[in-house]
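Enquirer: Return atomic coordinates for the entry below.
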Amino acid sequence: MFGDAYIRLRAQVGTALYSLVRLAQDCDAPAETVTELEDLRGMLREPFLFVALGEAEAGKSSLLNALFGRDFTDAPARTEKITVYRHGAESRDEEFASGVVERQRPHLFLRDFTVVDTPAIGLRAEIVAPLASSVAAADLLLFVFAAARPEADRTWTLLSRLNAMQLQRVVFVVDASDGTALEEAAKNLRQIMLKRLQHPRPIFAVDTRRALAARIVGDRTSLSASGLGRLEEYIDRDVAEGLPRRAPLDLARVRAREILKEISGISRDAVQSSARDVRLLRGMHQVIEERKDQSLRQMGGILWSLARTLEEAQGRGEEIFRRHLTLSGLLRALEGWRADLHTNVEEKLRDTVWAEIDTALREIEKDRRGAWEELETQRRRTMVGGPQSQPPDFADLRERLRDDFDTVLARHA
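Expert: Numbers count the residues shown, from 1 in each chain. Prediction:
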């Protein structure tokens, strides 16, 4: 069918744009970028718009049926309304006060083609505005003439009112279903066109009845003989692959490439930022391990110092025992030697131990504070915009360590 190559290409581009939308969302691309990609997808999904115009009984509905291989149109001449055929899951008709009736049908081709069938030109004034709207937006304007009535004054009058851009979308079709030879029907219309129109347009003579029958049964020979094949080739070449339809594809291709480059930059920056963070975390881990080893060495020094202090206290206690355990010493201080031992050994030991512990804990606190400041400075310099960190309560940590020492000393005492 005509337009198949374009429709496949459009589907491929649409799929690529969908993947690019997902990629943009995963990479936290700006919302404007995602919106633009969605707009490009929506633009590509816009179906073709074909409009058939002509006098009553010119063969407009028959031509549309033949083009799409299905007898789907009504006879708009009887309703005097513009009939718009769109795709719908179920058949449904809706009439509007503007002289338009919309018929939704589940035919698959209507997913890609919106078809407008018109009544006889000039019948009612209220259909002028919606007809003008369809003419302005159409991809293809099919002006249909009966082979026996190529003059059709009202049709030529409407043609004379079209601007140059609209005329570029016009083709003439002569319905030769009455048995007129295709060449003769085309020749007669061409002679009138050269007299009535300053901008000649392509002319196709088609036996619409024969074309529809051939399309339904798949008879390619009869289809070619009906003259419809030349019209389909024109639609493929000049409409489906023409500039109005090619331009959105080109725009989507160019913008998708640019946006992909932008997203690649975002991804590259994210990877580089992650690599920097990993290096920072490794460096911070190394600093923490070094500080941990240093703290353990400090604790070892504290314990060694405490051991020396305890050895000295033991020596003083033994000296006091030796002094009091003589016969004369016992007679002189039978009642007071315990208090003397407590004063000279235990209290001095506690004062000495706690002095050393406090000094060591303050050194540890100073070292921890310096380590935190070093890590925080490094983090702020590398992780720009990160959360504000609060320093630990070092005084509370010191007091907790002091309580732990106190508990241990009390248990051993």
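
Enquirer: quick one, strands of this protein?
Expert: Secondary structure of the chain (DSSP state E): strands located at 48-54, 82-87, 92-96, 100-105, 113-117, 140-146, 170-175, 203-206.

Enquirer: can I get those strands in JSON lines with mean neighbour count, mean pLDDT and distance to S19?
Expert: Heads up, the C-betas are built off the backbone N, CA and C, glycines and all. Compiled in JSON lines, these are given as follows (neighbours: other CB atoms under 10 Å; pLDDT from 0 to 100; distance: least, CB to CB, whole Å):
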{"stretch": "strand 48-54", "mean neighbour count": "23", "mean pLDDT": "95", "distance to S19": "25"}
{"stretch": "strand 82-87", "mean neighbour count": "20", "mean pLDDT": "94", "distance to S19": "25"}
{"stretch": "strand 92-96", "mean neighbour count": "12", "mean pLDDT": "91", "distance to S19": "34"}
{"stretch": "strand 100-105", "mean neighbour count": "18", "mean pLDDT": "93", "distance to S19": "31"}
{"stretch": "strand 113-117", "mean neighbour count": "25", "mean pLDDT": "95", "distance to S19": "26"}
{"stretch": "strand 140-146", "mean neighbour count": "24", "mean pLDDT": "95", "distance to S19": "32"}
{"stretch": "strand 170-175", "mean neighbour count": "25", "mean pLDDT": "96", "distance to S19": "37"}
{"stretch": "strand 203-206", "mean neighbour count": "24", "mean pLDDT": "97", "distance to S19": "40"}
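
Enquirer: Make JSON lines from those strands and add distance to R308 to it.
Expert: Listed next are the strands of the chain as JSON lines, based on distance: least, CB to CB, whole Å:
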{"stretch": "strand 48-54", "distance to R308": "97"}
{"stretch": "strand 82-87", "distance to R308": "95"}
{"stretch": "strand 92-96", "distance to R308": "99"}
{"stretch": "strand 100-105", "distance to R308": "98"}
{"stretch": "strand 113-117", "distance to R308": "98"}
{"stretch": "strand 140-146", "distance to R308": "104"}
{"stretch": "strand 170-175", "distance to R308": "110"}
{"stretch": "strand 203-206", "distance to R308": "113"}
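
Enquirer: what's next to stretch 160-171, contact-wise?
Expert: By CB atoms under 8 Å, 6 or more residues apart in numbering, the surrounding residues in contact with stretch 160-171 are 135-136, 138-143, 159, 196-197, 199, 201-204, 231, 234.

Enquirer: For that stretch, buried residues please.
Expert: Of all the residues in stretch 160-171, those buried under the rule 16 or more other CB atoms under 10 Å are 162, 167, 169-171.

Enquirer: If you average pLDDT per helix and strand, which one of this protein comes out bottom?
Expert: When each helix and strand of the chain is scored by mean pLDDT, DSSP states H and E, helix 76-79 comes last, with a mean of 52.
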